[in-house]
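Asks: What follows is a predicted structure for the sequence shown.
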Amino acid sequence: DTSLEVSFAVSAGHAEIVGPLTAPTVGGIARTTLRASVRAGQVWVQAQAGDLRPGQATLVLLPGQPAKLLLQASRPALPAESGATCELVALVQDVFGNTAARDSTTLVSFSVSGGPAAIAGPAVAQAHDGVARAVLRSTGVPGEALVYAGAPGLIPSTLAVPVRRDQAPSRAALRVAEPD
C-alpha cells in the first residue's frame, strides 16, 4: 500500500473544506472535513491525487424543518378592475429561508385583512413540494390589500398588494425650433 497525497476542493455549491486541503491515504482512503453552509442545494467536492484522474462527489444539503412562510404575488400590483386576479404563492421555509421542498403536508390558510381584494380560492391550500397556492381577486376599487398566509406551528407572512387603476400613457409634445 503506497501512500498518496490527495488534494480536496469544493468545485461548486455552498460549503467549505475546514479539514486538511491535502491528506495522505491510509489504507487507500484519504479524509478531510467539509462544513456545509445554511443554504440547501448541491455541493461538488473534487479529489485529486498526482496524475490520477480526479474524483468528484456530489452531496445534497437538505433544508431543515419547516419554520416559516414567505408570501409572494405573481404580479407587483393588481389592476383595479373587478375580477382581475393574481396568483399568491406561500413558500414553506426553514429558519434560513430554504424552501422545504420535501414538504407536501402543510396546510396554509390565506386571507385578506383589509383592502379592495378577496381570496378567490382556495382559502386553505395544501403545500406541494414546499409551495401552497391561492388566487387573489380585485373588487374593482383602487387601494391596497393586506394578504395573510399562516399555518399551524409556522411563522406567518403578510404581503401588501397594491390595487391600481391603469395609468394612461402621458403624451408629450416635442417642439423643434428652427435655427434663425
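Replies: Structure received. Residues are numbered from 1 along each chain as shown.
Asks: Name the residues that touch the helix or strand Thr58 falls within?
Replies: If you go by DSSP states H and E, Thr58 is part of strand 55-61. With contact meaning C-beta atoms under 8 Å, 6 or more residues apart in numbering, strand 55-61 is reached by 11, 13-15, 34, 36-37, 39-48. Heads up, the C-betas are built off the backbone N, CA and C, glycines and all.
Asks: which stretches of the chain have low pLDDT?
Replies: 1, 167-180 (pLDDT under 70).
Asks: on that earlier part again, pull out the buried residues from the strand holding Thr58.
Replies: Of all the residues in strand 55-61, those buried under the rule 16 or more other C-beta atoms under 10 Å are Leu61.
Asks: can you dump the C-alpha coordinates of that strand into CSV?
Replies: What follows is strand 55-61, C-alpha atoms only, in CSV (Å, rounded to 0.1, in the frame of the first residue of the first chain):
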residue,chain,number,x,y,z
GLY,A,55,-12.7,12.1,-8.5
GLN,A,56,-15.8,14.0,-7.7
ALA,A,57,-18.6,13.5,-5.1
THR,A,58,-22.0,15.3,-5.2
LEU,A,59,-23.6,16.0,-1.8
VAL,A,60,-27.1,17.2,-1.4
LEU,A,61,-27.7,19.6,1.5
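Asks: partners of it in the sheet?
Replies: Partners of strand 55-61 in the sheet, by DSSP bridges, are strand 41-48 (antiparallel).
Asks: still on that earlier bit, which of the contacts of strand 55-61 count as buried?
Replies: Here, 16+ other C-beta under 10 Å leaves 13, 15, 34, 40-41, 43, 45, 47-48 buried among the contacts of strand 55-61.
Asks: Val135: which of those is nearest?
Replies: Ala40 (28.3 Å; C-beta to C-beta).
Asks: Distance check, Ala12 against Leu59.
Replies: Plainly put, Ala12 is 11 Å away from Leu59 if you go by C-beta to C-beta, to the nearest Å.
Asks: tell me, what's touching these two both at once?
Replies: When C-beta under 8 Å, 6+ apart defines a contact, the residues bordering Ala12 and Leu59 alike are 42-44.
Asks: of all these, which comes closest to Arg102?
Replies: The closest of those, once distances to Arg102 are taken by C-beta to C-beta, is Gln42, at 15.0 Å.
Asks: List the residues that contact the closest one.
Replies: Residues counted as contacts of Gln42 (C-beta under 8 Å, 6+ apart) are 12-13, 58-61.
Asks: And it, how far from Gly19?
Replies: Gln42 is 20 Å from Gly19, by C-beta to C-beta.
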